[in-house]
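Okay, sequence plus prediction incoming.
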Amino acid sequence: MFSGLAGNIGPSAYIRQDGIHVLLVTQREQPFDTTFSQTLGLDPRQMRHIRGKSTAHFRAGFESWAGAIYVVSEPNVHAIENLTFHRLGHKVYPFDDI
């Protein structure tokens, strides 16, 4: 996805502590493939576990070589039926029918 196009994750940092590697970026962007980490000197294919924050776009760049993919769900705007709102004070679209 977006192969060959330039992207911008903004000023970034790579930190490592106790064997855990964390990439911090200033521009919100999904990891479409491994390029985001390779620009910081990391190769995800050499790692045992990878955690990415992405809904589906990561699959194009990771699924072909990942041993397993586990999708974790959490309360978010994409699954509004699982959210509970308190003290809204008025109807708010699209939540007013839930």
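On my side now, so go ahead. Predicted model, so just to flag it, every value in this text is computed and none were measured. Residues are numbered from 1 along each chain as shown.

if I've got this straight, residue 24 is in a helix?
No: counting by DSSP: H, G, I helix; E, B strand; the rest coil, residue 24 falls outside a helix, being strand.

That one and residue 16 touch, don't they?
No: taking CB atoms under 8 Å as the definition, residue 24 is not a contact partner of residue 16, at 11.7 Å. Yep, even glycine has a C-beta here, placed from its N, CA and C like the rest.

With neighbour numbers in mind, choose between the two.
More crowded of residue 24 and residue 16, by other CB atoms under 10 Å: residue 24, with 12 against 9.

Show me where the chain has its strands.
Counting by DSSP state E, the chain has strands at residues 12-17, 20-25.

Buried ones in the last one, by neighbour count?
Pointing back at strand 20-25 there. residue 23 (16 or more other CB atoms under 10 Å).

if we look at that strand, which residues are touching it?
Strand 20-25 has contacts (CB atoms under 8 Å, 6 or more residues apart in numbering) with 9, 10, 12, 13, 14, 15, 16, 36, 37, 40, 42, 47.

and the lowest-mean-pLDDT helix or strand in the chain, which residues are buried?
Across the helices and strands of the chain, mean confidence by mean pLDDT, DSSP states H and E is lowest for helix 35-38: a mean of 82. Applying a neighbour-count criterion of 16+ other CB under 10 Å, one finds 36, 37 buried in helix 35-38.

Are there helices or strands packed against that helix, and which ones?
strand 20-25 (3 or more CB pairs under 8 Å, 6 or more residues apart in numbering; DSSP states H and E).

Spatially central residue for the chain, please.
Residue closest to the mean C-alpha point of the chain, counted by CA atoms, centre = their mean, is residue 53 at 1.8 Å.
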